[in-house]
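Asks: any chance you could fold what I've pasted below:
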Amino acid sequence: MQIGSRIQFHRTRHGLSQEGLAGAVGVTRQSVSKWELGQALPDLDKVVQLCQLFNLTTDELILDAPQTPEGRILRWGLYLLVKDFAASVKFYEKLLGKRATLLGCNRFAEFRFDGVHWLFIMNESHLPHRDYNAPANHNFALNLWVKDLAQEHRRVMGLNIGPVTEIMHPHSNYYFFNVIDPDKNVVEITGEIIEEETP
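Replies: Below is the predicted model:
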């Protein structure tokens, strides 16, 4: 995968349009399009901004090399689950004194400070199989990112540790499945679908 394809993958994974990514890193939509088509490369300062935005190392963006190749889980995040997504985004924007760094397809909002994840908000209506009648009020979901989602799905299914959804594909380049822990908390596992090479 070339850097342009990786930019497109992470842009769509974060629920951003080309215009949204352009605004986040201070370039035109046409620049983003040229990067993704392989017609131009981002300047070094833009590579740094892209890495901060996507929570990647420069090696991961430029070389497609995960920092911890020996581990299955490459990145993770903790999400605050909210029922009224729009009101919650406005609340936290006012409380934190800044706009959300990323808004992903009415699915999640991300707030960053100094390039570090600080808070994620997830619209709970996007969590299939969540038990809304559970005796406890569970307001957090754990998100794990793995390199090979299909392989991880097979592994987790074989563990028999709780309910597991099928792999879902809500929009381009974003794949995930959920596993529910004993207390009905949601663990969303996201990652790439790696195409098997045919001989």
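Asks: you'd agree residue 177 is in a strand?
Replies: Yes - assessed with DSSP: H, G, I helix; E, B strand; the rest coil, residue 177 lies in a strand.
Asks: pLDDT wise, what is it at?
Replies: Turning to residue 177, the model gives it a pLDDT of 91.
Asks: just checking, it touches residue 154?
Replies: No - under the criterion of CB atoms under 8 Å, residue 177 makes no contact with residue 154, lying 10.7 Å away. Glycine gets a C-beta too; all of them are placed from N, C-alpha and C.
Asks: so between those two, which is more surrounded?
Replies: Using other CB atoms under 10 Å as the criterion, residue 177 and residue 154 rank with residue 177 on top: 22 against 10.
Asks: ok, what's across the strand from the more buried one?
Replies: Residues in a beta bridge with residue 177, per DSSP bridges, are residue 189.
Asks: use 833 as the first number for this chain going forward.
Replies: Sure, I'll start numbering at 833, so the last one becomes residue 1009.
Asks: for the helix or strand where residue 854 lies, give the mean pLDDT please.
Replies: Using DSSP states H and E, residue 854 sits within helix 850-857. Helix 850-857 carries an average pLDDT of 88.
Asks: then it to PDB, C-alphas only?
Replies: Extracted in PDB, the C-alpha atoms of helix 850-857 (Å, rounded to 0.1, in the frame of the first residue of the first chain):
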ATOM      1  CA  GLN A 850     -11.400  15.000   1.700                       C
ATOM      2  CA  GLU A 851     -12.700  18.400   2.600                       C
ATOM      3  CA  GLY A 852     -12.700  17.500   6.300                       C
ATOM      4  CA  LEU A 853      -9.100  16.200   6.200                       C
ATOM      5  CA  ALA A 854      -8.000  19.300   4.200                       C
ATOM      6  CA  GLY A 855      -9.500  21.600   6.800                       C
ATOM      7  CA  ALA A 856      -7.900  19.600   9.700                       C
ATOM      8  CA  VAL A 857      -4.400  19.900   8.200                       C
END
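Asks: so how far is it from its chain's centroid?
Replies: 16 Å (CA atoms, centre = their mean, to the nearest Å).
Asks: great, nothing more from me.
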